[in-house]
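Asks: Got a predicted structure plus its sequence, pasted below:
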Amino acid sequence: LTGSHHPSNQVEQCKSPPSTVGKQGNMSSEPGNCQNHQDHDPDHGDAGPAKQTMPMPVPNLEVQYTKIFIDNEWHESCSGRKMPVHNPATGDLLCEVEEADTEDVDKAVQSARAAFQLGSPWRCMDASDRGLLLNRLADLVERDRLRLATLEALDSGKIFLMAYFVDLMATVKTLRYYGGWADKIQGKTIPVDGEYFTYTRHEPIGVCGQIIPWNFPVMMFAWKIAPALCCGNTVIIKPAEQTPLTALHMACLIKEAGFPPGVVNVLPGYGPTAGSAIAHHMDIDKIAFTGSTAVGKLIQKAAGDSNLKRVTLELGGKNPNIVFADCDLEYAVEQAHSGLFFNQGQCCLAGSRVFVEDSIYEEFVCRSAEKARNKVLGNPLVPGVDQGPQIDQKQFDKILELIESGKKEGATLECGGGPWNRNSLFIQPTVFSNVTDDMRIAREEIFGPVQQIMRFRSVNEVIQRANATHYGLAAGVFTNDIDKALTVSSALQAGMVWVNCYNAMSTQCPFGGFKMSGNGRELGEYALQEYTEVKAVTIKISQKNS
Amino acid sequence: MLRVVLSRTFPRISGISNCQYSAAAIPVPSAQPEVHYNKLFINNEWQDAVSKRSFPTINPATGEVICQVAEADKADVDKAVKAAREAFRFGSPWRRMDASDRGLLLSRLADAIERDTAYLAELETLDNGKPYAVSYSVDVPMVVKCLRYCAGWADKWEGKTIPIDGDFFCYTRHEPIGVCGQIIPWNFPLLMQAWKLGPALATGNTVVMKVAEQTPLTALYVASLIKEVGFPPGVVNILPGMGPSAGSAIASHMDVDKVAFTGSTEVGHLIQQASGSSNLKKVTLELGGKSPNIIMSDANMAEAVEQSHFALFFNQGQCCCAGSRTYVQDTIYDEFMERSVERAKSRVVGDPFNMKTEQGPQVRNTEQFKKILGYISSGKREGAKLMCGGGVAADRGYFIQPTIFGDVQDGMTIAREEIFGPVMQILKFKTLEEVVERANDTKYGLAAAVFTKDIDKAHYISSGIRAGTVWINCYNVFGAQAPFGGYKYSGNGRELGEYGLDNYTEVKTVTIKVPQKNS
């Protein structure tokens, strides 16, 4: 018998990642201990004598991977160009990364196409083995969890502990979840009329282009590749130019896990060049994009202009969060606060229109402002810090401009309202009250730490106002009244409705938008539809019987 | 059993557990693996039987005692049911656990079993007599795959929301049934354990399992792994014991919510009766078979001969789905017979730890051994033509020669009853319609196969045969993804696949009055 558990010290493992994964993936959290990211007990560890304390960032982390990943190999860009990658908390240059453009996309498509050929190892592989590869990848992410979380915090400015407990946990869970689906994507046999036998095969679509944003770089990477790979597709994925580093580390793990060359290709680059090349490519069968609604429209157009590739879009939101007077007030204040301020407000899901019932309005505003004022800004690697910097200057400027518009248009500034710490990308947690529906801050996606609180009187009124937007991503309702909860959750035009909670996401649950918030669903069983073509096979038979 | 793992390998994917059936890839076994566990496993603890009784488990290749094992009886079943009930209590860690974490535990169990493949294969061969090469490359890898497959289902077993009439909101919850009794046979001890545990645990039940008295050892070792990977106490309880005492206590227990049994049709009747005379516990049964294997004249002869040989002789003929009625079309009958006899004669019978061995001893069960020899006598007596074999193959242990009967008629005992040994019946037929009728003329309906190149014949037969599994141009192809179970007297319900989950689930319909319904 080989040895059983090696009580593994994750810090040690992250300093020098072993080249092969152990038989048992280190389950770094005990089952039953991880259902809630927000109040996760960090004082946990592997089954073993050495109990770990709070995870700490890897000190002096060096960036290992900066090139384009095609065909399981590292490539320089065809153009010879590189792009700088900065730490938004300090403005320091982290490294330079090879910048992919059209030519590199062409190379990657060729590789992905070859990997998708009939008879290729990837196409001939048992579905259960595709699942096993995804599970192995999850094991490797778990092994490198500290390193990835540190890299994510450095590159995106998000709080290290959030990266560790939320982003990386979700990444591992997503990979495992779709690992399980691989051999459960079942076609049907269908009782057609006549002397025929009909069945369906759920086949992969082919080469999938995937373009992901900078707000949850590694988690979005997993959301995109996991369903695509579990269905048997091949992938060309472009991480955001602001945050390519964890995606490149994932590329390395993909190779280590044993995915055949060409199955996943990772191309850091800019939207108007590499992104556009993917969207317009004549030999990409499907594109999935997460980002702004403005760019979503470009993607849809590009598909129309080129080869009618299948399109799924996860776009912006201006999500209503409705608080009735009969709710648990303190809890609602807390959930509405984290529903907006989580991840520096950089969430498509952010509850950025908080509708509060008249009778509790003043109290709600007062408590919300107090919560916002108590937020600790600072270095995202330091424990105790609640809010890091915004991602870049462009976003920073846009957020401040919208804050100014709020002041100008007559909203009441309860707290914050400007930059924090000169010459940096930090913004004070900001709360506006007496916001009216026509103000820009009530209509446009701010994507920053700016909370709008509005007043309402009746159920019908709030439903109508909540739906008066071209977005339809998520919504929240806080009430103890079952009738109100069910009425409002049915009436809201949104892909996710949370009742007495917010941002309660899990990999089993579908995610996506109504209206201009997108097309299609990610996660859950529903996501599989976005990555499969259904083929109906009908065979003439001599005699049918039931 | 799993032809897939015999024929289909994936060497291109480095390191993916690769079940190649070739001696080169298999480590040299120890023929005397140490036995670590021989007690009852209740509440994650090892316990003696309340009665303090034990029974010997025997190496069927030598007839020697391997060790004594604690013998569970009614009092022990009561203890185990209490533990399982407590583990299933509303609010217990097991009930509160995320479904994905149940899946993670099953995945970890698969990892631990994979780690210990060589040892488990040794122990299985020692206790059961099946060739080590098969234990190592078929049984254990299939166990691992089954558990991984079920692990994936844990958080994908979804209820529905249902558009009922009126101002209501209606949804279903898929809830575990509760305490499940599971009684498993001796022919695939490890694999049957996995088939039973995988779906039951993925769906959140707790288990009281009785393993066969002939082959308790690997199940007990797996119990130690269940504890090692972190299942809460009481979720799985494993009791070695006899059918009439421990098995009967489970089947009749008033606080067991469901019983799943794999074994003989005869005992299947008793289980169903026990449920009826106790608490109407849910029953699923995987029972016997007399499975037809139909060879059309247009089939690939070499392939059909080899597959038909494998269909019957695999696992010493001790398979419920054994292809024990080989119907061969008249125009190719003689050639098929000649080649089949040649193949059977070349079958290597002997020490199961020898890598060249294809057939080990029958499982230690004197009654079973005598029964097989009795069937062989009846075949001779009733006028079938003995083509090869027909007797005991060694002077110690429980070995039987690979045996083939030709000119077998449908009315003969050997064509009607399940032999569960290395005895092949070859029958002659003329037409498609005739063979379907004859193939269905049995109380069993477990499996069937047809060998033909003609797509119409393949469809006609596969539609016409009343059996839970039909193989076309293959036999014994099992995947954890595909359901398995029987028509008629071969059982009730299905194991494996998504269908297997139904048998471990209660569906709860929740309906809520709403002020106003909208689409």
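Replies: It's in. Numbers count the residues shown, from 1 in each chain, chains lettered A, B, ... in the order given.
Asks: Closest residue of the stretch 1-150 of chain B to chain A?
Replies: B:Asp101 (3.2 Å; C-beta to the nearest C-beta). Just so you know, the C-beta spots here come from the backbone N, C-alpha and C atoms, and that holds for glycine as well.
Asks: in what helix or strand does A:Leu313 lie?
Replies: Element membership of A:Leu313, judged by DSSP states H and E, is strand A:310-314.
Asks: still on that earlier bit, next, the residue of the stretch 1-150 of chain B closest to chain A: phi, psi?
Replies: When read as degrees, to the nearest 10, the backbone of B:Asp101 gives phi -80, psi -30.
Asks: burial count for it?
Replies: 22 (other C-beta atoms under 10 Å in any protein chain shown).
Asks: Now tell me what touches the strand holding A:Leu313 from outside.
Replies: Strand A:310-314 is contacted by residues A:205, A:285-291, A:296, A:299-300, A:303, A:348, A:511-513, A:517-522, A:530 when judged by C-beta atoms under 8 Å, 6 or more residues apart in numbering or on different chains.
Asks: residues of the host helix or strand of B:Ile414 that come out buried?
Replies: In this assignment (DSSP H and E), B:Ile414 forms part of helix B:413-416. By neighbour count with 16 or more other C-beta atoms under 10 Å in any protein chain shown, helix B:413-416 contains the buried residues B:Ile414, B:Ala415.
Asks: If you count contacts, what does the very next helix or strand once past that helix end up packed against?
Replies: Next helix or strand after helix B:413-416 toward the C-terminus (DSSP H and E): strand B:423-429. Here strand B:423-429 touches helix B:301-313, strand B:325-329, helix B:333-345, helix B:366-381, strand B:403-406, helix B:413-416, helix B:432-440, going by 3 or more C-beta pairs under 8 Å, 6 or more residues apart in numbering or on different chains; DSSP states H and E.
Asks: So what's the residue count around the residue of chain B found nearest chain A?
Replies: Using C-beta to the nearest C-beta, the closest approach of chain B to chain A is made by B:Gly152 at 2.4 Å. By other C-beta under 10 Å, 28 other residues sit near B:Gly152.
Asks: For chain B, give me its nearest residue in chain A.
Replies: Residue of chain A nearest chain B, by C-beta to the nearest C-beta: A:Gly180 (2.4 Å).
Asks: so who does that residue touch?
Replies: Contacts of A:Gly180 (C-beta under 8 Å, 6+ apart): A:Gly131, B:Gly103, B:Ala151, B:Gly152, B:Trp153, B:Ala154, B:Asp155, B:Lys156.
Asks: Is it correct that A:Met169 falls within a helix?
Replies: Yes: counting by DSSP: H, G, I helix; E, B strand; the rest coil, A:Met169 falls inside a helix.
Asks: what's the distance between it and B:Met97?
Replies: In this view, A:Met169 and B:Met97 are 16 Å apart by C-beta to C-beta, to the nearest Å.
Asks: Go ahead and confirm B:Gly289 touches B:Phe484.
Replies: No: assessed by C-beta atoms under 8 Å, B:Gly289 is found out of contact with B:Phe484, at 11.2 Å.
Asks: Now find how far off-centre whichever strand or helix holds B:Cys180 is within its chain.
Replies: Using DSSP H and E, B:Cys180 sits in strand B:179-183. On the basis of C-alpha atoms, centre = their mean, to the nearest Å, strand B:179-183 is displaced by 15 Å from the centre of the chain it belongs to.
Asks: Give me the contact list for it.
Replies: Contacts for strand B:179-183 (C-beta under 8 Å, 6+ apart): B:81, B:84-85, B:88, B:196-197, B:200, B:205-210, B:243, B:247, B:250-251, B:253, B:255-263, B:271, B:281, B:504.
Asks: and it, which strands flank it?
Replies: Using DSSP bridges, strand B:179-183 pairs in its sheet with strand B:206-211 (parallel), strand B:258-262 (parallel).
Asks: Which among the ones you listed is found nearest to B:Gly129?
Replies: strand B:206-211 (16.0 Å; C-beta to C-beta).
Asks: who's in contact with the helix or strand just after that closest one?
Replies: Sequence order places helix B:217-229 as the next helix or strand after strand B:206-211, per DSSP H and E. For helix B:217-229, the surrounding residues in contact (C-beta under 8 Å, 6+ apart) are A:4-5, B:35-39, B:41, B:44, B:57, B:66-67, B:69, B:105, B:108-109, B:111-113, B:116, B:119-120, B:123-124, B:126-127, B:184, B:189-190, B:193, B:209, B:211, B:235-236, B:238, B:240.
Asks: Find the residue at the geometric middle of the chain.
Replies: Using chain A. A:Met220 (3.5 Å; C-alpha atoms, centre = their mean).
Asks: wrong one, chain B
Replies: Note: chain B centre (C-alpha atoms, centre = their mean) maps to B:Met192, 4.5 Å.
Asks: what does the average pLDDT come to for the helix or strand containing it?
Replies: Using DSSP H and E, B:Met192 sits within helix B:189-202. The predicted model gives helix B:189-202 an average pLDDT of 98.
Asks: So is it next to chain A?
Replies: No: using C-beta under 8 Å from any C-beta of the partner chain, helix B:189-202 never reaches chain A; the gap is at least 9.9 Å.
Asks: hang on, the earlier thing: among the contacts of helix B:217-229, which lie within strands?
Replies: B:Phe41, B:Thr57, B:Ile66, B:Cys67, B:Val69, B:Met209, B:Val211, B:Val236, B:Ile238, B:Pro240 (DSSP state E).
Asks: on that earlier part again, please indicate which of the contacts of strand B:179-183 are buried?
Replies: Looks like those have B:81, B:84-85, B:88, B:196-197, B:200, B:205-210, B:243, B:247, B:250-251, B:253, B:256-263, B:271, B:281, B:504 buried, using 16+ other C-beta under 10 Å.
Asks: Show me which residues of the stretch 101-250 of chain B are close to chain A?
Replies: B:101-105, B:107-108, B:111-112, B:114-116, B:118-119, B:145, B:148-149, B:151-156, B:158, B:169, B:228, B:230.
Asks: And the buried ones among those residues, selectable in PyMOL?
Replies: PyMOL command restricting these to the buried ones, with burial defined by 16+ other C-beta under 10 Å:
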select buried, chain B and resi 101+102+103+104+105+107+108+111+112+114+115+116+118+119+145+148+149+151+152+153+154+155+156+169+230
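Asks: is it fair to say A:Leu94 lies in a strand?
Replies: Yes: assessed by three-state DSSP, A:Leu94 belongs to a strand.
Asks: Low-confidence bits of the chain, can you list those?
Replies: I went with chain A, as the question did not name one. Applying pLDDT under 70 to chain A flags the ranges A:1-52.
Asks: The intended chain is chain B.
Replies: B:1-24.
Asks: Please repeat the previous calculation with a cut-off of 50.
Replies: Along chain B, the parts satisfying pLDDT under 50 run over B:1-22.
Asks: Contact partners for residue 350?
Replies: All of this refers to chain A. Here A:Ala350 is in contact with A:Gly317, A:Asn319, A:Gly339, A:Leu340, A:Phe342, A:Phe447 (C-beta under 8 Å, 6+ apart).
Asks: not what I meant, chain B
Replies: Here B:Gly350 is in contact with B:Lys356, B:Thr357, B:Gln359, B:Gly360, B:Ala394, B:Phe399 (C-beta under 8 Å, 6+ apart).
Asks: A:Pro239 now?
Replies: Contacts of A:Pro239 (C-beta under 8 Å, 6+ apart): A:Ile212, A:Pro217, A:Phe221, A:Thr246, A:Ala247, A:Leu248, A:Val266, A:Pro268.
Asks: looking at this, A:Val354 is in a strand?
Replies: Yes: the assignment for A:Val354 (three-state DSSP) places it in a strand.
Asks: Now do the contacts for it.
Replies: Taking C-beta under 8 Å, 6+ apart, one finds A:Pro320, A:Asn321, A:Val323, A:Ala336, A:Leu340, A:Phe364, A:Ser368, A:Gln451, A:Gln452, A:Ile453, A:Met454 in contact with A:Val354.
Asks: Among those, list the two that are farthest apart in space.
Replies: Farthest pair in the contacts of A:Val354, by C-beta to C-beta: A:Pro320 and A:Ser368, 15.6 Å.
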